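Peer 1: I'll drop the sequence and a predicted model, then ask my questions.
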2 protein chains.
Amino acid sequence: MTINAIFEALSHPVRRDILKMLRAGPLSAGDLARNFDLTKPTLSVHFAKLREAELVSVERQGTSLIYHLNMSILEEALSGFLAFKEPKP
Amino acid sequence: MTINAIFEALSHPVRRDILKMLRAGPLSAGDLARNFDLTKPTLSVHFAKLREAELVSVERQGTSLIYHLNMSILEEALSGFLAFKEPKP
DNA sequence: CGCCTAATTAGATATCCTTCTAATTAGAGT
DNA sequence: ACTCTAATTAGAAGGATATCTAATTAGGCG
């Protein structure tokens, strides 16, 4: 997890929308994908970037992958940058 | 000014570093540029993106352009996104 | 096992981003 | 007007990103 990966992940509107949806609670990849006018593979790539930044975590439930928002990472990164603090050593 | 332009602007480490430097007070384009291992035209492009997002404002002083941090825009955008609020209508 | 659904990975293409050098604009001073 | 310094804009090259279709992995169930 780097501050770089986090801001990189936040730079795309689709990925920010994904985070907003997850705010209400965990959702499967398919349920998330249904909300966009993009193919599932495209969404998978966006999920991967969010995972890389550790802004979301995944849990398997049968054949589905359930995505959870990692609010603490998001909060630390954004409020940390607002205060111009360095990331935790 | 759009939330999109703001997160786009924040996505590059050089631009985030520029904002950090401006935290301490206004600086000229040249003074900012001296801190990076990049040419001045390259920095100019980064400045332009920050202006576009209205994260900085510019004021001319003789032949120099002085950049100021627009803290309120940054704060509203980041804390707004953290709270998952919509941007001001 | 064979098949169906859910999702990701691979490969290809088009677009966007970053960076450079060269050219241009703008102000100050002689 | 000329020249010097400060900075931006233009144009081009290279690398990275987003998106699609096709192929692959993984789990559940008859």
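Peer 2: Received, thanks.

Peer 1: give me every residue that touches A:Leu43.
Peer 2: A:14, A:29, A:32-33, A:36 (C-beta atoms under 8 Å, 6 or more residues apart in numbering or on different chains). All C-beta atoms are positioned from the backbone trio N, CA, C, and that covers glycine.

Peer 1: Excluding chain neighbours, what is closest to the residue in chain A positioned nearest to chain B?
Peer 2: Scanning chain A for the residue nearest chain B gives A:Ser11, at 3.6 Å (criterion: C-beta to the nearest C-beta). In space, and not counting its chain neighbours, A:Ser11 is closest to B:Ser11: 3.6 Å by C-beta to C-beta, 6 or more residues apart in numbering or on different chains.

Peer 1: Might one say that the one you found is in contact with A:Ile6?
Peer 2: No - here B:Ser11 lies out of contact with A:Ile6, judged by C-beta atoms under 8 Å, at a distance of 9.9 Å.

Peer 1: Is any residue of the host helix or strand of A:Phe7 near DNA strand D?
Peer 2: Element membership of A:Phe7, judged by DSSP states H and E, is helix A:3-10. Yes - interface with DNA strand D: helix A:3-10 contributes A:Glu8 (C-beta under 7 Å from any atom of the strand).

Peer 1: what does the helix or strand just after that helix rub up against?
Peer 2: Tracing the chain C-terminally past helix A:3-10 and defining elements by DSSP H and E, one meets helix A:13-23 next. The set of residues external to helix A:13-23 that reach it, using C-beta under 8 Å, 6+ apart, is A:9-10, A:27, A:32, A:35-36, A:38, A:43, A:46-47, A:49-50, A:55-56, A:67-69, A:71, A:74, B:4, B:7, B:81, B:84.

Peer 1: which parts of chain A sit against DNA strand C?
Peer 2: So far as C-beta under 7 Å from any atom of the strand goes, chain A lies against DNA strand C at A:28-31, A:33, A:40-41, A:43-45, A:47-48, A:58, A:63-65.

Peer 1: For the residues you listed, which two are the farthest from each other?
Peer 2: Using C-beta to C-beta, the two most remote members of the residues of chain A next to DNA strand C are A:Val45 and A:Thr63, lying 20.1 Å apart.

Peer 1: Tell me the residues of chain A that contact DNA strand D?
Peer 2: A:8, A:11-12, A:14, A:38-39, A:41-42, A:45-46, A:49, A:60, A:62-63.

Peer 1: biggest separation within those, which pair?
Peer 2: Maximum pairwise distance among the residues of chain A next to DNA strand D (C-beta to C-beta): 33.0 Å, between A:Ser11 and A:Gly62.

Peer 1: what about burial for the residues of chain A next to DNA strand C, which qualify?
Peer 2: Neighbour counting by 16 or more other C-beta atoms under 10 Å in any protein chain shown classes A:28-29, A:33, A:43, A:47 among these as buried.

Peer 1: what ranges do the helices span in chain A?
Peer 2: Using DSSP state H, the helices of chain A run over A:3-10, A:13-23, A:29-33, A:40-52, A:71-82.
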